[in-house]
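J.: Below is the structure, and that's it, no one-letter string:
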């Protein structure tokens, strides 16, 4: 029979050890840290207003006054941390009747599952910015509102009130009045369509909110496993006769199994325009409920993410609802 004095504390310590061991040695590598700029959030949310700077300098003669310009106020962007939890129950009779080493084996498997489950949870959450990024009605993943605390004026849409990936019929307006779009419908992955998307991002959209030219070149193509061979064959094509070789190794393919739209693909600059916030590392608790004497294991963590600049990403073949 298990001596229960100090049992919850010992099991909780073991759960942390099992969880950490699984995190170190058994985890499948996550993709989201290569796409998002990962930071630490110290509060429940972050709200920031981007100022657009003074722009280009103006030439003046030696005796002339220096031109004065007021910095333009950009978009107000709100990102929040979110809570993710799970629990597991062990009956009192199970703990009483099971040898302690076998109980520990159960908890070790549980901790290993939670370790991988946490990575999967983060991957699914991160992928939502792409899976729902073209939705004209938006999605909660973009909403930074915390009821009674802070209101995200853009709601379920991107910070400027439009989908993260918007089509030509719903152009977004920059602070200087210029209009843009960063999504192309019915644009299957091909050498010609890759060039079209590349030019849209690196030429047409390569301006800041003030309308000044910026250096913007996509570095990766993000896609689901369904496009594995299509993307590989086109990016490795050396067929000069059909002019397909011009896109050879143009961008680096990144395959992500958490993308749900099988023919969608994205161009982007890694760690630009998207921010990931770690708020609270996983907290594991093991305790006994005094009402029914059963044991409970819980895991609780907090993190969040958001869009800071749409220009660094471009989408194709996206669902709009």
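T.: Now that the structure is in, tell me what you want to look at. These numbers come from a predicted model, not from an experiment. Numbers count the residues shown, from 1 in each chain.

J.: Would you map the helices across the stretch 101-250 of the chain?
T.: 191-199, 228-235 (DSSP state H, counting those that start in this stretch).

J.: Need the contact partners of the first one.
T.: The list of residues contacting helix 191-199 from outside it, by C-beta atoms under 8 Å, 6 or more residues apart in numbering, reads 184, 187, 218, 221, 234, 237, 243-244, 246-247, 250-251, 267, 314, 316. Bear in mind the C-beta positions are built from the backbone N, C-alpha and C, glycine included.

J.: which ones are touching the residue nearest to the spatial centre of the chain?
T.: Taking C-alpha atoms, centre = their mean, the centroid of the chain lies closest to residue 126, which sits 3.3 Å from it. Residue 126 makes contacts with 31-32, 35-36, 258, 276, 305, as judged by C-beta under 8 Å, 6+ apart.

J.: Report the two of these separated the most.
T.: The two members of the contacts of residue 126 with the most space between them (C-beta to C-beta) are 258 and 276, at 14.3 Å.

J.: And the two? Which one has more around it.
T.: Counted by other C-beta atoms under 10 Å, residue 258 and residue 276 do not tie: residue 276 has more neighbours, with 21 against 18.

J.: ok, the residue nearest to the more buried one when sequence neighbours are not counted to residue 296 distance?
T.: Nearest non-adjacent residue to residue 276, counting by C-beta to C-beta, 6 or more residues apart in numbering: residue 36, 3.7 Å away. Applying C-beta to C-beta, to the nearest Å, the value for residue 36 to residue 296 is 33 Å.

J.: and if you look at residue 148?
T.: Distance of residue 148 to residue 296, given as C-beta to C-beta: 29 Å.

J.: do the same with residue 262
T.: Computed as C-beta to C-beta, the residue 262 to residue 296 distance reads 40 Å.

J.: quick one: contacts for the closest residue to residue 206 other than its chain neighbours?
T.: Closest residue to residue 206 apart from its sequence neighbours, by C-beta to C-beta, 6+ apart: residue 216 at 4.1 Å. Counting by C-beta under 8 Å, 6+ apart, residue 216 touches 201-202, 205-206, 269, 311-312.

J.: Pull out the buried residues from the residues you listed.
T.: Taking 16 or more other C-beta atoms under 10 Å as the criterion, what is buried in the contacts of residue 216 is 201, 205-206, 269, 311-312.

J.: Test my guess that residue 283 contacts residue 297.
T.: No. Residue 283 lies out of contact with residue 297 (C-beta atoms under 8 Å); the separation is 11.5 Å.

J.: Between the two, tell me which one has more neighbours.
T.: residue 297 (22 against 12).

J.: For this protein, give me the ranges with low pLDDT.
T.: 1-7, 22-27, 51-55, 58, 67-72, 238-244 (pLDDT under 70).

J.: what do you get if the cut-off is 90, keeping everything else the same?
T.: By pLDDT under 90, the low-scoring segments of the chain are 1-29, 48-74, 87-117, 176, 210, 236-249, 283-290, 293, 295-298.

J.: For residue 254, which residues are in contact?
T.: Counting by C-beta under 8 Å, 6+ apart, residue 254 touches 31, 34-35, 220-223.

J.: and the gap between it and residue 37?
T.: Separation of residue 254 from residue 37 (C-beta to C-beta): 16 Å.

J.: Mind jotting down where the strands sit in this structure?
T.: Assigned by DSSP state E, the chain shows strands spanning 37-40, 45-51, 73-80, 82-90, 172-173, 179-180, 183-184, 220-223, 252-255, 265-268, 274-288, 295-307, 313-316.
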